[in-house]
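> Here is a sequence together with a model predicted from it:
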Amino acid sequence: MSRRAWSAFDGLNQKPLREPIHLTIDKSGRWWKGEDFDDLAEYIRTLTAEGYPAERIVQSICACGGTVFRLEADAEEGCARRTCVGCEATAFICDSGEYWADAEPEPVACPCGGEQFELGVGFSPRANGDVRWITVGERCTRCGILGSATDWKIDYGPTDRLFDQV
Ligand SMILES: [Zn+2]
Ligand SMILES: [Zn+2]
């Protein structure tokens, strides 16, 4: 069963988080763009503000120090894997590896055709501090367009190890 199926029932007073894709375009009809990771972090905060606000946003950094990645994601299942363009090392984002076999991940591409991104992972907490929701954001290094390929719910705890798996 897809984890996505649970999201609409997650709390009576919470709006579903699945509408914010439109936020990728600003009020004037242009794509949201960013210059650097700080802009991407702000985008993720804005994207999650009306659902489960992300209070901690962590940049993906490869073991080699690289910060530019190709990204595969399954928006329905809620999982993502990054590949460093510098050293080709791959890593699952948070607990994605546990769901990868059942997913149908596809390469993420920017509307400009670019497939290399800076990545940030937003963590939205529960009252007890555990992670409730994960939001993966990306900034195209070719044109600066900001997007979010996928997000998903975490329904277990403790979750501290997720912070080390961005
Ligand atoms: Zn690397
Ligand atoms: Zn682009």
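That came through fine. Ligands and ions are numbered 1, 2, ... in the order given.

> could you measure the residue lying closest to T48 once chain neighbours are set aside against ligand 2, distance?
Spatial nearest neighbour of T48, chain neighbours left out: A54 (4.4 Å); criterion: CB to CB, 6 or more residues apart in numbering. (Each C-beta comes from the backbone N, C-alpha and C, glycine too.) From A54 over to ligand 2 the distance is 23 Å, taken as CB to the ion, to the nearest Å.

> where does this structure dip in pLDDT?
Scanning the chain for pLDDT under 70 picks out the ranges 1-29.

> Tell me the residues of it that contact ligand 1?
Taking CB under 5 Å from the ion as the contact definition, the chain meets ligand 1 at C62, C64, G66, C84, G86, C87, A89.

> Which strand residues bridge the fourth one?
When bridges are assigned using DSSP bridges, the partners listed for C84 are F69.

> dump the residue contacts of it.
Applying CB atoms under 8 Å, 6 or more residues apart in numbering, we find C84 in contact with C62, C64, G66, V68, F69, T90.

> Could you export the residues you listed as CSV, including distance to ligand 2 and neighbour count?
Converted to CSV, the contacts of C84 look like this (distance: CB to the ion, whole Å; neighbours: other CB atoms under 10 Å):
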residue, distance to ligand 2, neighbour count
C62, 20, 19
C64, 23, 11
G66, 18, 15
V68, 13, 16
F69, 14, 28
T90, 22, 12
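
> in stretch 57-77, what counts as buried?
By neighbour count on 16 or more other CB atoms under 10 Å, the buried set for stretch 57-77 is 57-58, 60, 62, 67-75, 77.

> most centrally placed residue in the protein?
Centroid-nearest residue in the chain, with CA atoms, centre = their mean: V136, separated by 0.5 Å.

> got the contact list for D95?
By CB under 8 Å, 6+ apart, the neighbours of D95 are C79, I154, L162, Q165.

> Surely the first one touches K153?
No: judged on CB atoms under 8 Å, C79 makes no contact with K153 at a distance of 11.8 Å.

> Confirm A80 sits in a strand?
Yes: counting by DSSP: H, G, I helix; E, B strand; the rest coil, A80 is part of a strand.
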